[in-house]
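*Asks:* Predicted model and sequence below, questions to follow.
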Amino acid sequence: QMQLVESGGGLVQPGGSLTLSCAASGFTLDSTAIGWIRQAPGKEREGVSCISRYKNTYYGDSVKGRFTISRDNAKNTVYLQMNSLKPEDTAVYYCTTDTRRFTCTGYVQNPKYDVWGQGTQVTVSS
């Protein structure tokens, strides 16, 4: 059974940092593209970042320059390093994959996926 499990969320002050982790089981992360989406209360789902099978990376405009996505094949885990956090980054963050694809084409603009995790809450507040 294919599963994604996120961890690493929490409460952080504006300007702070957090690193989210997405651990996979039932498949290897380097066989597909892995993306992060977020959803805040009352807002639409937003594509945040994506890393392709070939480790090409993509970011939404709102997080570009502040967030970094990476993958550790040995640990079968994808990370989202989030720096300079802002209150508007507050949301539930989900890692996702479309098992039929290994590129990130169009993911940030319109995320599509068939496997996703349970989400991890990130709250940026003083």
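*Replies:* Here it is on my side, so go on.

*Asks:* which element is the spatially most central residue of the chain on?
*Replies:* Nearest to the geometric centre of the chain sits W36, at 2.4 Å (C-alpha atoms, centre = their mean). Assigned by DSSP states H and E, W36 belongs to strand 34-39.

*Asks:* Buried residues, that strand. List them.
*Replies:* Across strand 34-39, burial judged by 16 or more other C-beta atoms under 10 Å covers I34, G35, W36, I37, R38. All C-beta spots, glycine's among them, are computed from the backbone N, C-alpha and C.

*Asks:* any idea which of those is closest to G9?
*Replies:* Distance to G9 across the buried residues of strand 34-39 (C-beta to C-beta) is lowest for R38, with 10.5 Å.

*Asks:* Any chance of the backbone angles for the closest residue to the closest one other than its chain neighbours?
*Replies:* Sequence neighbours aside, A91 is the residue nearest to R38 in space, at 3.8 Å (criterion: C-beta to C-beta, 6 or more residues apart in numbering). Dihedral pair for A91: phi -180, psi 170, per degrees, to the nearest 10.

*Asks:* contacting residues for the residue nearest to the centre of the chain?
*Replies:* L20, C22, G47, V48, S49, C50, I69, L80, Y93, Y94, C95, T96 (C-beta atoms under 8 Å, 6 or more residues apart in numbering).
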